[in-house]
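J.: Okay, sequence plus prediction incoming.
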Amino acid sequence: MTENKQKTECDRCGTCCLKGGPALHYEDRWLVQNNHLQLEHLITIRKGEPIFSLGAEMPEASQTEVIKMKGKGSEWTCFFFDEQEASCTIYKQRPLECSLLKCWDTAALEKVAGRNLLCRTDIIGPHDPLLQFIERHEEKCSLKNLGSLLSEVRQENSEQQAQNFLTDLVNSDLAIRTQAYAKYRFSLDLELFFFGRPLFKILQQFGLATREENGICSLAIDPSLPAARLGGL
Ligand code: SF4
């Protein structure tokens, strides 16, 4: 538990909101159902995707799917944070985690962290036409082994097999997104909700760039970057 006895109330410094929006819980489902939050405001963190948990110093593989409030542009600063006013633009309809967070005492937040989290199927319903693409995406491009692939691929005598496997995952990921887009023409914001971040983007933070030629991606490992690892591997 983080406790700072000096502080007893929020002084609206905005640090929490600058670090990123909250994960959504079942208690937040009404916000989506009543259009206070739209799908464009959300991003899916897929099971196995590297994330920073509360208080962690290095990324760890997410144990479950998480729906988070989106950031602004390429930043994690919460989409609903007004930096000029240092205020929340949806304060009365802010999600559970935001209403519990006191940076000087995180006990209440820790009690709910990682519990009763919403996932995509809680939000879009069983007849959504994108569901078949989401299911195929999870089947063909699961991230559940990403942590071990990342540690294998950056070793000096890296297994070619791990590189090939990651390359196939990157290409399948892009192919399924492209097929879904060709049929339903959704925005990039909606893509981040339906399919999460593209794998090639996730790999960049681990020093693995991708090169694209004739629509096919290949991996290019940047040896100058440190071999970042997922926690626990
Ligand atoms: S919803 Fe509001 S309180 Fe919560 S992180 Fe975003 S700006 Fe901050």
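T.: Everything's here; your move.

J.: Quick one: residues in contact with stretch 178-196.
T.: The contact list for stretch 178-196 (C-beta atoms under 8 Å, 6 or more residues apart in numbering) reads 39-46, 49, 67, 70, 120, 129-130, 133-134, 137, 173, 176-177. Bear in mind the C-beta positions are built from the backbone N, C-alpha and C, glycine included.

J.: Leaving out sequence neighbours, find the closest residue to the residue positioned nearest the centre of the chain.
T.: Nearest to the mean C-alpha position of the chain, counting by C-alpha atoms, centre = their mean, stands Ile45 at 3.1 Å. Distance criterion C-beta to C-beta, 6 or more residues apart in numbering; nearest residue to Ile45, sequence neighbours excluded, is Val66 at 4.2 Å.

J.: How about Ser142?
T.: Ser142 sits nearest to Gly48 (C-beta to C-beta, 6+ apart), 6.8 Å away.

J.: burial measure for that neighbour, as a count.
T.: Gly48: 20 surrounding residues under other C-beta atoms under 10 Å.

J.: So, low pLDDT: which residues of this protein?
T.: For the chain, the stretches with pLDDT under 70 are 1-5, 54-56, 154-159, 221-233.

J.: The same query, at a cut-off of 80, please.
T.: Filtered on pLDDT under 80, the chain yields the residue ranges 1-7, 52-58, 73-74, 151, 153-160, 207, 214-217, 219-233.

J.: For it, what lies in contact range of the ligand?
T.: Counting by C-beta under 6 Å from any ligand atom, the chain comes close to the ligand at Cys17, Gly21, Pro22, Met69, Cys78, Phe80, Phe81, Cys88, Ile90, Arg94, Cys98.

J.: how about a cut-off of 8 Å?
T.: For the chain, the contact set with the ligand under C-beta under 8 Å from any ligand atom comprises 14, 16-17, 20-22, 69, 78-82, 87-91, 94-95, 97-98, 101.

J.: Domain map for this protein?
T.: 15-121, 126-221 (automatic domain parsing).

J.: Just give me how far the longest one sits from the chain centre.
T.: When you say that, I think you mean domain 15-121. 10 Å (C-alpha atoms, centre = their mean, to the nearest Å).

J.: again with the shortest one
T.: What separates the centre of domain 126-221 from the centre of its chain is 14 Å, taken as C-alpha atoms, centre = their mean.

J.: Offset the numbering so it begins at 29, please.
T.: New numbering, starting at 29: the last item is domain 154-249.
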